[in-house]
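Visitor: Below are the sequence and a predicted model; questions follow.
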Amino acid sequence: MTVNATRETTAGPAAPAAASPAPTVGAGGSVASVLADTGVNELLLELDRDLIGLVPVKTRIREIAALLLIDRLRRERGFSAGGPSLHMCFSGNPGTGKTTVAMRMAAILHRLGYTRKGHLVAVTRDDLVGQYIGHTAPKTKEVLKKAMGGVLFIDEAYYLYRPENERDYGQEAIEILLQVMENNRDDLVVILAGYKERMDRFFESNPGMSSRIAHHIDFPDYQTDELALIGERMLDVMHYRFDDEAKSVFDEYLKRRIAQPNFANARSVRNALDRARLRHAYRLYSHPEIASSDEALTTISAADLLASRVFADAGPGTETAQ
Amino acid sequence: MRLTQGTFSFLPDLTDEQIKKQVEYCLDQRRAIGIEYTDDPHPRNTYWEMFGMPMFDVRDPAGIMLEVNSCRKTFPEHYIRVTAFDSTHGTESVVMSFIVNRPKNEPGFRLVRSEEPGRTIRYSIESYAVAAKPEGARY
């Protein structure tokens, strides 16, 4: 006797649907044709244009792109081309662009055809580690499920491991992570990020994690001219600009600020610009007669920058980072 | 007797590759995938146990397969099905479901005849496995 309880209204496609989503290249595919096919060149150019400095990072991305391309060619000609492990670790000082690059990485890997979906799941310790026994594993697995087919970005990863508390559940999360990083290498890319020294200490106590990450990328500090360029970009996005005098004052500001403690690269630049905007707004507010023109509304002048505490006191170490 | 329920019920059991493809299709339709199991395969038993929450924010079949496999590991001798929930306003129900795991030995169903007044006979079916043993020990 056959029991059949089909009540569903819609069915999926016929079961053995076998359309490959990857664009196929002719059997005689050359590097040039694959390049044109994937738009990798535009991607790399875009990266060069949008991100200032960060030479080691760009070099590594270029290498990864090349590897994925060549692997594709090899596969077409029947050579073995195992999916490379692309788990990464970004380490560097505050404000060097780790998070920004990670966000872009998801899109880059998707366009290179490495990840299937190209989304990014950004988490910190709170999202992975539970509060009581048996809480951590389901939480971590939940996050991993969400990240499948994309990139899992773990910011400040060193917080996962707390050596001072031996009953900390972070270790459990690390073990599950390691297992999935190994078994589902084709399904997701894990990117860890954090400050250099702390990441180094984290890897020392978790050698398994270190060896499963193929790419350790250091983010160098920015040079003064790079920071000035970044500042201009930021202003441009916010529809502001420096007048000529302000430009040189800003260079001077950067030189002094770098020498002070708690300097956080691009983040400090952003904060400095935000404070300049405050002063700019207040200046217009107290002189309503000059606030009428577009020019006045968009131009940050030297006075807005010179009011900073960095200039008020030439002695180093007086301004606390904000 | 091989139980047939849900979508693709007349096809042979789907392989993992085929399950992945179907899940991919469901996710592309923005449906939430749920995993359910039971050891009471009566066709009118619509309420199977949920294995975890429906996965509303999983984007890739690999994530679903993790859960399917962990359910198979936990309940190797149960029926397990994958359901796709369509949250579109006006539909808001499960629009597709298919079996992804079944017990090795399926004894099947018995036709039960009950005598009613006036020589009427009412028919129902009963699973041998359910009749023989309590929940959890049936297969």
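Guide: Cool, got the structure. Every value quoted in this text rests on a predicted model; they were computed, and no experiment measured them.

Visitor: Which residues of chain B lie near chain A?
Guide: B:1, B:3-11, B:14, B:18, B:21-22, B:25-26, B:41, B:43-44, B:55, B:57-64, B:66-67, B:86, B:94-97, B:108-109, B:111, B:125 (Cβ under 8 Å from any Cβ of the partner chain). Bear in mind the C-beta positions are built from the backbone N, C-alpha and C, glycine included.

Visitor: which residue ranges form the strands in chain B?
Guide: Here chain B has its strands, by DSSP state E, at B:32-38, B:49-50, B:79-86, B:93-101, B:109-116, B:120-127.

Visitor: again with the stretch 1-150 of chain A
Guide: A:88-92, A:120-123 (DSSP state E, counting those that start in this stretch).

Visitor: Give me the spatial nearest neighbour of the closest residue to chain B within the stretch 1-150 of chain A, chain neighbours excluded.
Guide: Nearest to chain B, among the residues of the stretch 1-150 of chain A, is A:Gly149, at 2.5 Å (Cβ to the nearest Cβ). Using Cβ to Cβ, 6 or more residues apart in numbering or on different chains and skipping residues adjacent in sequence, the residue nearest A:Gly149 is B:Asp60, 2.5 Å away.

Visitor: separation between the one you found and A:Ile154?
Guide: Applying Cβ to Cβ, to the nearest Å, the value for B:Asp60 to A:Ile154 is 18 Å.

Visitor: ok, the two, which is more surrounded?
Guide: Legend: neighbour count by other Cβ atoms under 10 Å in any protein chain shown for B:Asp60 and A:Ile154, higher for A:Ile154 (26 against 23).

Visitor: May I have the residues that are in contact with that one?
Guide: By Cβ atoms under 8 Å, 6 or more residues apart in numbering or on different chains, the contact set of A:Ile154 is A:Val123, A:Thr124, A:Leu128, A:Leu160, A:Val190, A:Ile191, A:Leu192, A:Ala193.

Visitor: Out of those, which sit inside helices?
Guide: A:Leu128 (DSSP state H).

Visitor: Give me the phi and psi for B:Arg30.
Guide: Main-chain dihedrals, B:Arg30, degrees, to the nearest 10: phi 60, psi 40.

Visitor: wait, what's in contact with it?
Guide: Here B:Arg30 is in contact with B:Ser87 (Cβ under 8 Å, 6+ apart).

Visitor: Specify the residue positioned farthest from the middle of chain B.
Guide: B:Gly118 (38.4 Å; Cα atoms, centre = their mean).

Visitor: any idea how far that residue is from B:Leu111?
Guide: For B:Gly118 relative to B:Leu111 (Cβ to Cβ), the value is 21 Å.

Visitor: Check A:Phe219 too.
Guide: A:Phe219 is 72 Å from B:Leu111, by Cβ to Cβ.

Visitor: In terms of packing, which of these two has more residues around it?
Guide: A:Phe219 (22 against 9).

Visitor: Could you find the residue in chain B that comes nearest to chain A?
Guide: Closest point on chain B to chain A, by Cβ to the nearest Cβ, is B:Asp60, at 2.5 Å.

Visitor: Surely that residue is in contact with A:Asp187?
Guide: Yes - B:Asp60 lies in contact with A:Asp187 (Cβ atoms under 8 Å); the separation is 6.9 Å.

Visitor: Now list whatever residues contact both of those two.
Guide: Common neighbours of B:Asp60 and A:Asp187 (Cβ under 8 Å, 6+ apart) are A:Arg116, A:Met148, A:Gly149.

Visitor: ok, these vs B:Thr74, which is closest?
Guide: Nearest to B:Thr74, judged by Cβ to Cβ, of the shared contacts of B:Asp60 and A:Asp187 is A:Met148 at 19.8 Å.

Visitor: who does the one residue sitting closest to the centre of chain B bridge with?
Guide: The centre of chain B sits closest to B:Arg81, judged by Cα atoms, centre = their mean, with a distance of 3.5 Å. Counting by DSSP bridges, B:Arg81 is bridged to B:Glu36, B:Ile99.

Visitor: How about A:Leu120: what's its closest non-neighbour residue?
Guide: Closest to A:Leu120 by Cβ to Cβ, 6+ apart is A:Ala106, at 3.8 Å.

Visitor: For the one you found, give me its contacts.
Guide: A:Thr115, A:Gly118, A:His119, A:Leu120, A:Gly150, A:Val151, A:Phe153.

Visitor: any idea how far stretch B:32-41 is from the chain center?
Guide: 5 Å (Cα atoms, centre = their mean, to the nearest Å).

Visitor: What subset of the contacts of A:Ile154 is buried?
Guide: Buried by 16 or more other Cβ atoms under 10 Å in any protein chain shown: A:Val123, A:Leu128, A:Leu160, A:Val190, A:Ile191, A:Leu192, A:Ala193, out of the contacts of A:Ile154.

Visitor: The third one and A:Ile174 touch, don't they?
Guide: Same thing as A:Leu160. Yes - counting by Cβ under 8 Å, A:Leu160 touches A:Ile174, with 5.6 Å between them.
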